[in-house]
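[1] got a structure for you, letters missing:
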Ligand SMILES: NC(=O)C1=CN([C@@H]2O[C@H](COP(=O)(O)OP(=O)(O)OC[C@H]3O[C@@H](n4cnc5c(N)ncnc54)[C@H](OP(=O)(O)O)[C@@H]3O)[C@@H](O)[C@H]2O)C=CC1
Ligand SMILES: CC(C)(CO)C(=O)C(=O)O
């Protein structure tokens, strides 16, 4: 199986690195700056599960390569359109794309561009970031990746993924209902990234403060209300389970969005939170969700003004 990992960042670098570590045939689609970094230092993973450093194969869009069997897509949502253009030459008739982005609307877009059969369902739970040296740093234990079929036709293809991930140093699981898992993660991450970014804090202190906990609860309720417009049966059925996850999270846990804000990089506000507001009209009372969008938009404005 020839694998193309699009984005050698916090997520792609980690799971792509673990696949390469297990001897799989992995190439990273990168841009020029990242290629230089990887050339000089190799791909470096610093993790509670064991560090790893190795030279990796890279391709920069435009360079010739045969179509790949599997594309692991791990870019931020604001680079989705550019990455679609960049990876198009490497997609063949039999290629399957496994996206690991948070959220859901990228799936609509990928299916529109590449066709429903090519796009699998996927997601991950991992707390990683790229440090100033371009190394993947992992902060907590979880390194879980879920994949599954979004169409009946994809079911027969999944055994190839089972084989590909066998023996890889990560918790990789096939899901029989990946759509449910993707939405569960979306409700969770929209709330978790929203509240930690709004409060500028890990989750523990938010829950420890009465008004912080009330805001967390209100934001979750707003997100469930908005998401239910699109998925009226599935979303309410996930409510209890996702809330339990939010109240049981390790107190020190921060979202990747908050980490991005601490680094001063862009945030996936339109993809994760704005798209939820788009599902409802302007009169729907979603005050906490609107406050999160406003906070993140102001952050983006300040970034632009500082440049
Ligand atoms: N980090 C985390 O802990 C988690 C993140 N996620 C989700 O995973 C997704 C990826 O996030 P994350 O890995 O943190 O993001 P990062 O910014 O760390 O990594 C994304 C990488 O993609 C590269 N990239 C972007 N566009 C292209 C392109 N056209 N061609 C080649 N490379 C490209 C960027 O490279 P360049 O340097 O050139 O810009 C960057 O290295 C997001 O949707 C995020 O929400 C999900 C779970 C956990
Ligand atoms: C919460 C976490 C770390 C779990 O994967 C995540 O998805 C994110 O912060 O983007």
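    Perfect, thanks for sending it. Note that the coordinates shown come from a computational prediction; the quantities given were computed from them, not determined experimentally. Numbers count the residues shown, from 1 in each chain. Ligands and ions are numbered 1, 2, ... in the order given.

[2] Quick check: residue 87 touching residue 62?
    No - using C-beta atoms under 8 Å, residue 87 makes no contact with residue 62, being 11.4 Å away. Glycine gets a C-beta too; all of them are placed from N, C-alpha and C.

[3] neighbour-wise, which of those two wins?
    residue 87 (21 against 7; other C-beta atoms under 10 Å).

[4] give the contact list for the more buried one.
    By C-beta atoms under 8 Å, 6 or more residues apart in numbering, residue 87 lies in contact with 4, 6, 29, 61, 71, 73.

[5] Now for the residues you listed: which two are most distant?
    Using C-beta to C-beta, the two most remote members of the contacts of residue 87 are 61 and 73, lying 13.7 Å apart.

[6] neighbour count winner among the two?
    residue 73 (24 against 17).

[7] Just the pLDDT at the closest residue to residue 225 other than its chain neighbours, thanks.
    Among residues not flanking residue 225 along the chain, residue 286 sits closest, at 6.5 Å (C-beta to C-beta, 6 or more residues apart in numbering). pLDDT, residue 286: 97.

[8] Next: residue 129.
    pLDDT at residue 129 comes out at 92.

[9] if I've got this straight, it is in a helix?
    No - Residue 129 is assigned strand when assessed by DSSP: H, G, I helix; E, B strand; the rest coil, not a helix.

[10] Quick one: residues contacting it.
    10, 136, 137, 139, 256, 259, 263.

[11] just checking: which of these also lie near ligand 2?
    Counting by C-beta under 6 Å from any ligand atom, residue 256 from the contacts of residue 129 sit close to ligand 2.

[12] Kindly indicate which of the contacts of residue 129 lies nearest ligand 2.
    residue 256 (3.4 Å; C-beta to the nearest ligand atom).

[13] what does this protein have sitting close to ligand 1?
    So the chain meets ligand 1 at 6-12, 29-31, 33-34, 74-77, 79, 82-83, 86, 100-102, 124, 126-130, 256, 268 (C-beta under 6 Å from any ligand atom).

[14] What sits closest to residue 101 if chain neighbours are left out?
    Using C-beta to C-beta, 6+ apart, the closest residue to residue 101 is residue 77 (5.8 Å).

[15] what pLDDT does the one you found get?
    98.

[16] Surely it and residue 270 touch.
    Yes - judged on C-beta under 8 Å, residue 77 makes contact with residue 270 at a distance of 7.5 Å.

[17] Of those two, give the one with the bigger neighbour count.
    Set side by side, residue 77 and residue 270 show more neighbours around residue 77, with 21 against 18, by other C-beta under 10 Å.

[18] Tell me who's in contact with the residue most central in space within the chain.
    Among the residues of the chain, the one closest to the centroid is residue 101, at 2.8 Å (C-alpha atoms, centre = their mean). With contact set as C-beta under 8 Å, 6+ apart, residue 101 has these partners: 73, 74, 75, 76, 77, 80, 271.
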